[in-house]
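Novice: No sequence on hand, only this structure:
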């Protein structure tokens, strides 16, 4: 196998599967089910995940003149993105059934978006990161408005597109300034160029613009204004995907840029990240307190969790990267699981929107209510859940780095978050005032959705009771990021560690 093909094997598999789905979809009768295309997308996602696992036996690989680097760090996020996409596809398999004839496009767009996210995490050239970001963004822009005929869905798609494009402009201009100040857009070359640059102010400005661009993508305050409306209007499984997978890819890019590209500027960017973390935690939690719409509440919750994750960036490199990787995995498991449960409760028509609509869910659907409650407890950070250890490692890393006040602010915000999560949890187990107050419980959870809920619940539980395995992988990924092994620019493809 060509080394260039090997380094991009997961992306190639996803792309080919998406193309096959797009070619096959018009050939199906308009009235026939699109579920076979969904199963094909699931098989493609599984194959991409296995391909990523296969890459672990080849050490650190570089290809395409050093612009692509496959190492334990990128493989960690490849596997995480593949897992998120797999759960999303399982929960979506019956979501569009009987409601939309364009479901095949949805499955293809999901795979194309995952291709861009994976490309972002293995790129060590900022222009390649930009290409991956655009591939991911275009797919999610379309998917946000996939409930055609709904005004809120159209608003979500347009708002996400306009503000996302605005954020991309910041990121691209930051790349241009990085090239102007260091003479390169390669992350490792930028690090070397900063030591001899004649325009350090320009280099600092480039970093600021890059952080702003990524801040929009991860919905960190004050770049979060698009998040509540987009989450409210987009389909529930799409929200579960876009609140986790694109954020994981963007956070991975930010880790590489800060710790591998701009390590000499750490005192300056750490102060900026400190402010963003505090703003995100505070604005997100206070905003969620005022919401009655469940999806808007979880939108503000995702802003707060972006703040918790940013706390890790202010810690020492090894501690910060490892805790950030672990928290990303834990948040992905519990948040995708929560939106999978919401998808099964509300359905395509979103019959349950507000907290009141979830009243007495446990009376008719006790298992589904218990699973949703478990995810809510994990989002709070209750012990024996992935959310608890995620916050524990992040705040421990902050304390280890001397960021005592940041850890204190984070703990206070975690206390605030209890109120709105427990308000929804209490509604699940409350008795209705009248029969009409009960959520519609006549639909059953489909087998694919049950598998998705089981996978996310088990992952959340294992991350809470046996976190050492994932934490060890995250720490190994941190070592690779802190001590990168640069490629030779003239080599088309190289393997810098022992091969299989």
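Specialist: Cool, got the structure. Everything numeric in this text was worked out from a predicted model, so none of it was measured.

Novice: can you map out the helices along the stretch 401-500 of the chain?
Specialist: 404-428, 447-465, 468-482 (DSSP state H, counting those that start in this stretch).

Novice: for those helices, which one sits closest to residue 10?
Specialist: Minimum separation from residue 10 across those (Cβ to Cβ) falls at helix 468-482, 16.5 Å. Using the backbone N, CA and C atoms, a C-beta is placed for each residue, glycine as well.

Novice: still on that earlier bit, nearest to residue 106, out of the helices of the stretch 401-500 of the chain?
Specialist: helix 447-465 (14.5 Å).

Novice: got the contact list for that closest one?
Specialist: 83, 86-88, 90-91, 93-94, 326, 329-330, 333-334, 336-337, 340-341, 343-344, 368, 371, 374-375, 378, 383-390, 445, 470 (Cβ atoms under 8 Å, 6 or more residues apart in numbering).

Novice: Specify the angle between that helix and helix 468-482 in degrees.
Specialist: Interaxial angle of helix 447-465 relative to helix 468-482 (axes from the mean of the first three to the mean of the last three Cα atoms, to 10 degrees): 80 degrees.

Novice: Now helix 447-465: buried residues?
Specialist: Neighbour-count burial for helix 447-465, counted by 16 or more other Cβ atoms under 10 Å, picks out 448-453, 455-457, 459-461, 463-464.

Novice: what's the distance between stretch 200-212 and the middle of its chain?
Specialist: Computed by Cα atoms, centre = their mean, to the nearest Å, the separation of stretch 200-212 from the middle of its chain amounts to 24 Å.

Novice: residue ranges of the strands in this structure, please?
Specialist: 61-63, 68-70, 493-495 (DSSP state E).

Novice: I'd like the buried residues of helix 447-465 laid out as JSON lines, including pLDDT and distance to residue 249.
Specialist: Below are the buried residues of helix 447-465 laid out as JSON lines (pLDDT from 0 to 100; distance: Cβ to Cβ, whole Å):
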{"residue": "448", "pLDDT": "91", "distance to residue 249": "25"}
{"residue": "449", "pLDDT": "91", "distance to residue 249": "25"}
{"residue": "450", "pLDDT": "93", "distance to residue 249": "28"}
{"residue": "451", "pLDDT": "94", "distance to residue 249": "24"}
{"residue": "452", "pLDDT": "94", "distance to residue 249": "21"}
{"residue": "453", "pLDDT": "95", "distance to residue 249": "24"}
{"residue": "455", "pLDDT": "96", "distance to residue 249": "20"}
{"residue": "456", "pLDDT": "96", "distance to residue 249": "19"}
{"residue": "457", "pLDDT": "96", "distance to residue 249": "24"}
{"residue": "459", "pLDDT": "95", "distance to residue 249": "19"}
{"residue": "460", "pLDDT": "95", "distance to residue 249": "21"}
{"residue": "461", "pLDDT": "95", "distance to residue 249": "25"}
{"residue": "463", "pLDDT": "94", "distance to residue 249": "20"}
{"residue": "464", "pLDDT": "93", "distance to residue 249": "24"}
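
Novice: Could I get these in JSON lines, plus columns for distance to residue 151?
Specialist: Formatted as JSON lines, the buried residues of helix 447-465 follow (distance: Cβ to Cβ, whole Å):
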{"residue": "448", "distance to residue 151": "30"}
{"residue": "449", "distance to residue 151": "27"}
{"residue": "450", "distance to residue 151": "32"}
{"residue": "451", "distance to residue 151": "33"}
{"residue": "452", "distance to residue 151": "29"}
{"residue": "453", "distance to residue 151": "30"}
{"residue": "455", "distance to residue 151": "34"}
{"residue": "456", "distance to residue 151": "31"}
{"residue": "457", "distance to residue 151": "34"}
{"residue": "459", "distance to residue 151": "36"}
{"residue": "460", "distance to residue 151": "35"}
{"residue": "461", "distance to residue 151": "39"}
{"residue": "463", "distance to residue 151": "39"}
{"residue": "464", "distance to residue 151": "40"}
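
Novice: Among the helices of the stretch 401-500 of the chain, which comes closest to residue 202?
Specialist: Here helix 468-482 is closest among the helices of the stretch 401-500 of the chain (Cβ to Cβ), at 25.1 Å.

Novice: Let me see the mean pLDDT of that closest one.
Specialist: Averaging pLDDT along helix 468-482 yields 79.

Novice: And the contacts of that helix?
Specialist: Contacts to helix 468-482, defined as Cβ under 8 Å, 6+ apart, come from residues 60, 71-73, 76, 255-256, 259-260, 317-323, 325-326, 329, 393, 463.

Novice: Quick one: neighbours of residue 22, just the number.
Specialist: 17 (other Cβ atoms under 10 Å).

Novice: Contact partners for it?
Specialist: 104-105, 108.

Novice: Now go through the contacts of helix 447-465 and say which are in helices.
Specialist: Mapping these onto helices (DSSP state H) picks out 83, 86-88, 90-91, 326, 329-330, 333-334, 336-337, 340-341, 343-344, 368, 371, 374-375, 378, 386-390, 470.

Novice: Now find how far off-centre stretch 181-200 is within its chain.
Specialist: Counting by Cα atoms, centre = their mean, stretch 181-200 comes out at 29 Å from the chain centroid.

Novice: Turn the contacts of residue 22 into TSV, including pLDDT.
Specialist: TSV is the format used below for the contacts of residue 22 (pLDDT from 0 to 100):
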residue	pLDDT
104	85
105	90
108	94
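
Novice: which one of these sits closest to residue 300?
Specialist: For the contacts of residue 22, the residue nearest residue 300 by Cβ to Cβ is residue 105; the value is 30.0 Å.
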